[in-house]
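Enquirer: Please find the sequence and the predicted model below.
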Amino acid sequence: MSNGTFEPRLVGFLCNWCSYTGADLAGTARMIYAPNVRIIRVMCSGRVDPQFVLKAFKEGADGVLISGCHPGDCHYKEGNYKALRRYKLLLKMLDQFGIEKERFRLEWVSAAEGVKFQHVCNEFTEQVRKLGPLYLSKNGGKHEQREA
Amino acid sequence: MVNLTIDGKKVQIEEGKTILQAAAKCEIKIPTLCYHPVVEAYGACRVCMVEVTVRGKTDLVTACNTKVQEGLDVQTGSERVLKARRLNVEMLMARAPAAEPVQELAKALGIEKTRFEIKDPQEKCILCGLCVRACETIVGASAISFIERGTERKVMPPFGEPSEACIGCTACAYFCPTGAITYEDKYGRKVIHTELHLGPTTAIRVPIRQAVPMVPLIDTEACIHFKTGECKVCTKVCDREAINHDMQDETLEVEVGTIILASGFKPFDAKRIPAYGYGHFPNVITALEFERLVNASGPTGGKIKLADGTEPKAVGIIHCVGSRDENYNEYCSRVCCMYSLKFAHLIKEKTSADVYDFYIDMRCFGKGYEEFYHRLLHEGTKFIRGRVSDITDMAMTQREEGKLIIRVEDTLLGTVRRIPVDMVILATGLEPSIDHNQLAKIFNISCSQDTFFLERHPKLAPVSTFSDGIYLAGACQAPRDIPDTVAQAGGAAAEALALADKGTFALEPVTAEIDEDLCAGCQLCVNLCPFTAITYDKEKGISVVNDALCKGCGTCVAACPSGASHQKHFRDSQIFAEIEGIFVV
């Protein structure tokens, strides 16, 4: 919460082969983008268990990003399709928890798309910034502590 | 075997052969017009008349279709033969005065003028019917035939109209002894020199001079045999009986340990830039076409010629066609500057033409390249810095009349210039090969933003890919010239050999494992696994992971409803800890 603007805390689950490499490219190319997305590397976007997303929200994330290879480009053939299915189901569930669907995002970023990763980070940060911090109810959420 | 005498020479030849063949065997030349070794002889032109004596009886016969007989005595140049031949040639002269072979024959026989009436001084057809027989027996199309009778007789398709039976093979024109049949390409395909095609011209050919193995192939799309089932002329002339029309394309399955991808590039299609008029102006050619033109084994024997056959007085070379251009490809194709300089040098060497080189930046990066550029500066090539806007044939001054005018902003002079030239060479850039995307999918490798294959690491693993055991060499990874390609190919080969020699490679230890105590045997994971690495153990009632097949994607782990499946190094507990960790700060 430096200089008065809200800096959202975002978690990004990036697949090892496309999106993580793409993020790496954005870094080696010295692209400047919002530093709000904190990255957790998984081997495939298909590894992203819905629990991870819920856990991230519970731990204080204002938004969660899952990023994998473009459809048809998955290193493991079809892991990204599994991620897509889980994403759609999870969106419904998050809605029931009172978490806006704008806080959860799935993106396809290939190893060559450093620029796209830059755009996605900037856009998502701006989007969540507009929504403001995520307040979860008192049963275990750590958000109240953070705001206090 | 049959024994006979020709002009006093004794010849032995197999039964069934003709007098003409026997004469050829003892190197006695009998003139012919309507004879061709692959078409059955008919004896139409009657130029090959010879005098034969057998069992005391003498007669005049055509050598091309008279079979040899035991004891035959043949005279090819007796007074009787020459008299008959002269009369026949005189009649042919009256029929086809424009036919050059007939004129030559007449000259050889000492005939100056025909005594008979000439109907059409432009006529070339001698009505020998060789084309008709070739179309019927060789091509199997029977698209042309004789029509009308007597003095009106001529060779035509039915009713003198374009025939649907004609397959456009041009065999008739090929066989015609007097050049009476011509053909035209009604689709107007671009041919740099109308008389000399730059592309392949025959259906059976050696694909390139450096082909390995050095054997000809048959282009089944062009071969007449595959269109009509006839022809097979090549089998008739091949002594070794090496030609087999029944060969089929085969799909081979080869088990290998490592793979090197060297799928190369395709040149940028210059038609995509309409302002340069490629395909519209015959003297605007691509670099590859110029390469053929200047090649000693090319269609002009290495002579630099314009479409009309004359030598150019001024040549423009345009760099960066399709490269370093936001509208097409942003990347630099690397090789064009240097090959353009080579072209400039060759043009200077072979012609007295002025050479204009239009460049954006001169990229002479390799060993000895900068020195070569300096040599060209001294040779008098005119270098103009600026991107060419367009090429036009609309002359504004007398000097530009009949020329191609290159419009360019000279960024060093700060002015727009119009340069009239005769020939323009487009230095087309490099693009990934046509089936590049398909290959990327098959081998599960990524492409970088410029659509070339992506290497594992630009500095530390430049020939490896993200798929183990698959290596890259050459222009499929990025545009590169020959020395660089050779160097990279050597690197890729060494990497591939190192892996093949070791015989094994280490899998990433991130495979999945299933906790026997927790697995409920629901088999959800079995269907999810894209590599069929999970099988169901009926005895134990649980699912089991095959470590050798598991690639470690973790899809099954995320799906396991009982939490029995784990991914090594990516355990749920580890990722949860990571999530907690990133919120500590």
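Expert: Thanks, I have it.
Enquirer: what about the residue nearest to residue B:510 when sequence neighbours are not counted, distance to residue B:509?
Expert: Computed as C-beta to C-beta, 6 or more residues apart in numbering or on different chains, the closest residue to residue B:510 that is not its neighbour in sequence is residue B:552, at 3.7 Å. Backbone N, C-alpha and C define where each C-beta goes, glycine included. Here the criterion is C-beta to C-beta, to the nearest Å. By it, residue B:552 lies 8 Å from residue B:509.
Enquirer: got the contact list for the residue nearest to residue B:510?
Expert: By C-beta atoms under 8 Å, 6 or more residues apart in numbering or on different chains, residue B:552 lies in contact with A:43, B:507, B:508, B:510, B:511, B:512, B:567, B:568.
Enquirer: Determine the three-state secondary structure at it.
Expert: coil (DSSP: H, G, I helix; E, B strand; the rest coil).
Enquirer: before we move on, what about residue A:107?
Expert: Three-state assignment for residue A:107 (three-state DSSP): strand.
Enquirer: Can you give me the neighbour number for the residue of chain A at minimum distance from chain B?
Expert: For chain A and chain B, the shortest gap (C-beta to the nearest C-beta) falls at residue A:47, measuring 3.1 Å. Other residues lying near residue A:47 total 30 when counted by other C-beta atoms under 10 Å in any protein chain shown.
Enquirer: where does it land on pLDDT?
Expert: What the model reports for residue A:47 is a pLDDT of 95.
Enquirer: Thought residue B:556 was touching it, still the case?
Expert: No. Residue A:47 lies out of contact with residue B:556 (C-beta atoms under 8 Å); the separation is 9.3 Å.
Enquirer: one step back: please enumerate the shared neighbours of residue B:552 and residue B:509.
Expert: residue B:568.
Enquirer: If you drop the residues flanking it in sequence, what lies closest to residue 93?
Expert: Reading this off chain A. residue A:50 (7.6 Å).
Enquirer: sorry, should have said chain B
Expert: residue B:114 is the one closest to residue B:93 (C-beta to C-beta, 6+ apart), at 4.0 Å.
Enquirer: What residues does chain A have near chain B?
Expert: Contact residues (C-beta under 8 Å from any C-beta of the partner chain) of chain A with chain B: A:9, A:11, A:17-18, A:21, A:38, A:40, A:42-44, A:46-52, A:55-56, A:59-61, A:72-73, A:75-79, A:82, A:86, A:110-115, A:142.
Enquirer: Just the buried residues of those.
Expert: Buried subset of these (neighbour count, 16 or more other C-beta atoms under 10 Å in any protein chain shown): A:9, A:11, A:17-18, A:21, A:38, A:40, A:42-44, A:46-49, A:52, A:55-56, A:59-61, A:73, A:75-79, A:82, A:86, A:110-115.
Enquirer: Bridged to the spatially most central residue of chain A, which residues?
Expert: Geometric centre of chain A, nearest residue: residue A:65, 1.3 Å, by C-alpha atoms, centre = their mean. Beta bridges link residue A:65 to residue A:12, residue A:105, judged by DSSP bridges.
Enquirer: if I pick it, what's in contact with it?
Expert: A:10, A:11, A:12, A:13, A:37, A:105, A:106, A:107, A:120, A:124.
Enquirer: hmm, the helix or strand where residue B:544 lies touching chain A?
Expert: Taking DSSP states H and E as the criterion, the element that holds residue B:544 is strand B:542-545. No. If you take C-beta under 8 Å from any C-beta as the test, strand B:542-545 misses chain A, and the best it gets is 14.3 Å.
Enquirer: What count of nearby residues applies to residue 102?
Expert: Picked chain A for this. Number of residues near residue A:102 (other C-beta under 10 Å) recorded here: 12.
Enquirer: not quite, I wanted chain B
Expert: Neighbours around residue B:102, by other C-beta under 10 Å: 27.
Enquirer: hang on, it is in a helix, isn't it?
Expert: Yes. Assessed with three-state DSSP, residue B:102 lies in a helix.
Enquirer: ok, it touching residue B:94?
Expert: No. The criterion here is C-beta under 8 Å, and residue B:102 misses it with residue B:94 at 9.9 Å.
Enquirer: For the residue of chain A closest to chain B, list the residues it contacts.
Expert: Contacts of residue A:47 by C-beta under 8 Å, 6+ apart are A:15, A:79, B:553, B:554, B:555, B:557, B:558, B:567, B:570.
Enquirer: again, only this time at 10 Å
Expert: By C-beta atoms under 10 Å, 6 or more residues apart in numbering or on different chains, the contact set of residue A:47 is A:13, A:15-16, A:41, A:68, A:76, A:79, A:82-83, B:510, B:512, B:552-559, B:567, B:570, B:575.
Enquirer: Residue B:438 too?
Expert: So residue B:438 contacts residue B:263 (C-beta under 10 Å, 6+ apart).
Enquirer: Now do the shared contacts for residue A:47 and residue B:556.
Expert: A:82, B:512, B:567.
Enquirer: hey, what's the last one bridged with?
Expert: In other words, residue B:567. residue B:512.
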